[in-house]
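J.: Just the structure for this:
(one chain, ligands or ions: 1)
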Amino acid sequence: MSFTTLGLSEPLLKSIAQEGYTEPTPIQKQAISVVLEGRDVLAAAQTGTGKTAGFTLPLLENLAKTSPTMKPKQIRALVLTPTRELAAQVAESVKTYGKHTPFKSTMIFGGVGINPQLAALRKGVEIVIATPGRLLDIAGQKGIDFSALEVLILDEADRMLDMGFIHDIKKLMKMMPQKRQTLLFSATFSPEIKKLASGLLHSPITIEVARENTTAEQISQVVHHVDKSRKRELLSQLIKTKQWEQVLVFTRTKHGANRLSKQLEESGIKASAIHGNKSQGARTKALSDFKNRTVRVLVATDIAARGIDIDQLPHVVNYELPNVPEDYVHRIGRTGRAGMKGEAVSLVCVDEHKLLHGIEKFIGSKIEKVDIEAFRPDPSIKAEPIQNGRGARGQGSRNKRPHNGGRNRNRQAAAR
Ligand code: AMP
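T.: Have a look, this model is predicted:
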């Protein structure tokens with residue numbers, strides 16, 4: 001199947017060709033035609049499946065079918081995303097695929113000045129890509145008018161729920177016309193997502209695709225057992241001896257990310273940290289320095305890294321294991337994209353053995369352990385509870401995550 005048979009017209013086919021895509025991905029094969037028909041869609045698809053083009057292409061095609069007269073602040077399509085990084089990536093896709101169409105788009109997210117965003121809306125755009133918190137602020141000041149909205153897309157809806165955006169989303173929904181097309185994309189179909197979907201979607205078509213490069217095939221995974229106090233030394237050694245040139249390293253906390261990036265810099269390895277406490281400017285700079293290889297190591301927290309899309313990222317390191325096994329899958333999914341081989345290395349200390357078992361249970365296989373002689377753990381060191389305010393909770397599936405208001409607020413703050 002090629003893109004031409006999916007019902008897309010010349011301006012979009014031209015962009016697709018310019019991107020070098022020859023064949024639609026499975027999610028695109030399934031989603032594009034049903035979205036073109038105007039149906040609501042509930043899709044389970046993760047980042048890396050090509051889902052963004054899966055909704056952006058038919059969205060642009062549908063918008064091109066009519067040319068209504070728009071009043072200032074009215075918009076025709078809205079994409080809601082959990083984080084500004086994801087918003088930026090969707091916005092980039094809208095620009096890329098829509099470059100031969102007349103549509104204008106803008107991004108709305110917190111952490112930056114509101115006035116340029118209000119000005120862009122006044123000037124007039126068809127498509128808005130937004131995080132819920134700031135959009136609600138803007139809607140509250142009547143800076144946006146949803147009365148002409150034709151399409152609503154929720155991207156990574158499961159993350160938005162996890163981050164406590166549900167109330168913001170519900171408030172926004174109340175301002176939107178009942179008659180519209182709604183597409184909901186989520187990594188999983190948890191009971192919460194199904195509940196949200198049943199309130200939002202009208203007779204949706206359900207689409208479920210697995211990542212093409214599932215963990216076992218494209219991504220080699222290893223665990224090195226090491227004492228907590230020696231992780232940094234081991235990481236520096238791995239980077240230097242294996243000559244890794246572009247490494248994404250995950251820590252559990254923002255503080256840990258800052259500290260590690262500083263320590264790596266001190267040992268002569270160019271590094272920067274990306275997390276929710278950094279200004280938008282600092283995050284964008286860190287990401288672009290990493291992409292253009294001015295910086296060798298990007299140290300990230302889970303939320304900040306969500307949706308980061310770097311083609312051919314070869315190495316992911318779990319400096320600390322995540323508390324939630326599903327985050328492990330998201331983390332290592334940053335590598336091994338588009339048929340490339342990827343390597344995911346986890347540095348595991350005695351405190352994290354339980355988390356490791358939880359992850360292995362979740363992914364349904366054991367991760368290979370590779371001993372590094374000089375870094376064998378000291379057997380006299382006993383496990384201690386993990387100190388990050390969240391302990392070792394949430395080791396079950398995402399559905400078992402505690403709905404902790406405080407944490408949700410923190411996550412929201414990080415995302416805004
Ligand atoms: P996404 O899942 O939307 O984050 O997309 C993951 C990556 O796949 C992005 O870098 C896209 O540029 C790329 N991509 C999307 N569709 C295709 C396609 N049909 N062929 C090749 N690459 C694609």
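J.: tell me the contacts of the residue nearest to K382 when sequence neighbours are not counted?
T.: Leaving aside its chain neighbours, K382 sits nearest to V350 (6.8 Å; criterion: Cβ to Cβ, 6 or more residues apart in numbering). Every C-beta, even on glycine, is put in place using the N, C-alpha and C of the backbone. Neighbouring residues of V350 by Cβ atoms under 8 Å, 6 or more residues apart in numbering: D227, K228, P377, I381, K382, A383.
J.: 10 Å instead, please
T.: Residues near V350 by Cβ atoms under 10 Å, 6 or more residues apart in numbering: H225, V226, D227, K228, P377, D378, P379, I381, K382, A383, E384.
J.: swap in D351?
T.: Counting by Cβ under 10 Å, 6+ apart, D351 makes contact with D227, K228, E320, L321, I381, K382, A383, E384, P385, I386, Q387, A392.
J.: ok so, going back, weed out the non-buried ones from the contacts of V350.
T.: H225, V226, D227, K228, P377 (16 or more other Cβ atoms under 10 Å).
J.: any chance of those in JSON lines, with pLDDT, secondary structure and distance to the ligand too?
T.: Shown next, in JSON lines, are those (pLDDT from 0 to 100; DSSP: H, G, I helix; E, B strand; the rest coil; distance: Cβ to the nearest ligand atom, whole Å):
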{"residue": "H225", "pLDDT": "97", "secondary structure": "strand", "distance to the ligand": "33"}
{"residue": "V226", "pLDDT": "96", "secondary structure": "coil", "distance to the ligand": "32"}
{"residue": "D227", "pLDDT": "96", "secondary structure": "coil", "distance to the ligand": "37"}
{"residue": "K228", "pLDDT": "95", "secondary structure": "helix", "distance to the ligand": "34"}
{"residue": "P377", "pLDDT": "92", "secondary structure": "coil", "distance to the ligand": "37"}
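J.: Could I get the contacts of D351 in CSV, plus columns for secondary structure?
T.: Output for the contacts of D351, formatted as CSV (DSSP: H, G, I helix; E, B strand; the rest coil):
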residue, secondary structure
D227, coil
K228, helix
E320, coil
L321, coil
I381, coil
K382, coil
A383, coil
E384, coil
P385, coil
I386, coil
Q387, coil
A392, coil
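J.: so which of the residues you listed comes closest to the ligand?
T.: Top of the list for closeness to the ligand, among the contacts of D351 and by Cβ to the nearest ligand atom, is L321 at 24.4 Å.
J.: quick one: contacts for that closest one?
T.: 223, 250, 252, 327-328, 331, 346-349, 351-356, 358-359, 386, 392.
J.: Also A304?
T.: 83-85, 250, 254, 257, 273-278, 283, 286-287, 298, 414-415.
J.: try it again with 8 Å
T.: Taking Cβ under 8 Å, 6+ apart as the test, what A304 contacts is T83, E85, I274, H275, G276, K278, R283, A414.
J.: and if you look at L118?
T.: Here L118 is in contact with I138, Q141, G143 (criterion: Cβ under 8 Å, 6+ apart).
J.: Check the burial of the second one by counting its neighbours.
T.: Going back to what we said before, that points to Q141. Using other Cβ atoms under 10 Å, Q141 has 9 neighbouring residues.
J.: show me the residues around it that make contact.
T.: Contacts for Q141 (Cβ under 8 Å, 6+ apart) come out as L118.
J.: Pull out the CA atoms of the strand or helix carrying V79 and give them to me as PDB.
T.: For V79, the host element (DSSP states H and E) is strand 77-80. Extracted in PDB, the C-alpha atoms of strand 77-80 (Å, rounded to 0.1, in the frame of the first residue of the first chain):
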ATOM      1  CA  ALA A  77      -8.500  22.100  15.000                       C
ATOM      2  CA  LEU A  78      -6.900  21.500  18.400                       C
ATOM      3  CA  VAL A  79      -4.300  19.000  19.400                       C
ATOM      4  CA  LEU A  80      -3.800  18.500  23.100                       C
END
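J.: that older thread, inside helices: which ones of the contacts of L321?
T.: D327, Y328, R331, H353, K354, L355, L356, G358, I359 (DSSP state H).
J.: Show me what the nearest residue to the third one once chain neighbours are set aside is bridged to.
T.: This points to R331. In space, and not counting its chain neighbours, R331 is closest to F250: 5.3 Å by Cβ to Cβ, 6+ apart. Residues in a beta bridge with F250, per DSSP bridges, are A300, N318.
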